[in-house]
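Enquirer: compute the structure for the input listed below.
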Amino acid sequence: MTLDISSTLVKELRQKTGAGMMNCKKALQETNGDFEGAVKTLRQKGLAAADKKVDRKTVEGVVNSYIHAGGKIGVLVEVNCETDFVARREEFQELVQNIAMQIAASPEVLYVNSEEIPEQVFLAEKAIEAEKDDLSNKPPEIKEKIILGRVEKTLKKLSLIDQAFIRDSNITIDELIKEKISLFGENIKVKRFTRYTLGNK
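Expert: Numbering: from 1, shown residues only. This is a model prediction of the structure:
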């Protein structure tokens, strides 16, 4: 017997995940009406579908601005997609605005992703960790693993897509973008951003 799912619950799930109505209904049926379980199912399916699109060219998109804290913080961000049709969609504009707000709220973030972080930053962080007293008595191979783990954690703080989304801490910006890739059927990439803080150069 197929579980009867209310249209209100389906609509709420669609608003939260951006997935299609039929996919939302199916996910709720598969999880016996468990809303959070359905969210997880849709995200897993969406991220898997999005992974197949990440190498496609993005030549359209928008540049957006966001001003925060009474004009003390400003952000310019460029987010690309594949077509002008998607770039003009309200959901895409909302995504770009959310990304701009995320940048404004994340003063440590300096790069779009960890691949952009220069090697000298990695080496400098590694040197700092290597000098910490709590590692002095560790065997070399254990010490190296601990150092690399700590450096990776530090560098993730500098990477935009690794941040927990300010409006839903259960997902990262990377997962948020992949959800929208699944929704639009197009690749989406944050190309670049600049944060301006009043009084800073």
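
Enquirer: past the helix or strand of the chain with the lowest mean pLDDT, which element shows up next along the chain?
Expert: Ranked by mean pLDDT, DSSP states H and E, the weakest helix or strand in the chain is helix 35-51, scoring a mean of 71. Remark: after helix 35-51, the chain's next helix or strand is strand 60-68, criterion DSSP states H and E.

Enquirer: that following strand packs against which elements?
Expert: strand 73-81, helix 84-87, helix 90-104 (3 or more C-beta pairs under 8 Å, 6 or more residues apart in numbering; DSSP states H and E). Quick note: C-beta positions are derived from backbone N, CA and C, even for glycine.

Enquirer: among the ones you listed, which is nearest residue 193?
Expert: Evaluated over the helices and strands packed on strand 60-68, closeness to residue 193 peaks at strand 73-81, with 4.1 Å, by C-beta to C-beta.

Enquirer: what comes up buried for the closest one?
Expert: Neighbour-count burial for strand 73-81, counted by 16 or more other C-beta atoms under 10 Å, picks out 73-75, 77-81.

Enquirer: kindly report the same for stretch 191-201.
Expert: 193, 195.

Enquirer: start the count at 35, not 1, going forward
Expert: New numbering, starting at 35: the last item is stretch 225-235.

Enquirer: chain center to it, what's the gap?
Expert: Relative to its parent chain, stretch 225-235 has a centroid offset of 20 Å by C-alpha atoms, centre = their mean, to the nearest Å.

Enquirer: residue contacts, the residue nearest the centre of the chain?
Expert: The C-alpha lying nearest the average C-alpha coordinate of the chain belongs to residue 207 (C-alpha atoms, centre = their mean; 1.1 Å). Applying C-beta atoms under 8 Å, 6 or more residues apart in numbering, we find residue 207 in contact with 133, 136, 194-197, 199.

Enquirer: redo that, cut-off 10 Å
Expert: For residue 207, the contact set (C-beta atoms under 10 Å, 6 or more residues apart in numbering) comprises 129, 132-133, 136-137, 140, 143, 146-147, 193-200, 224.

Enquirer: just the buried residues of these.
Expert: By 16+ other C-beta under 10 Å, these give 129, 132-133, 136-137, 140, 143, 146-147, 193-197, 199, 224 as buried.

Enquirer: for the residues you listed, work out which two are farthest apart.
Expert: Using C-beta to C-beta, the two most remote members of those are 129 and 193, lying 18.0 Å apart.

Enquirer: residue 135 and residue 173, how far apart?
Expert: Plainly put, residue 135 is 45 Å away from residue 173 if you go by C-beta to C-beta, to the nearest Å.
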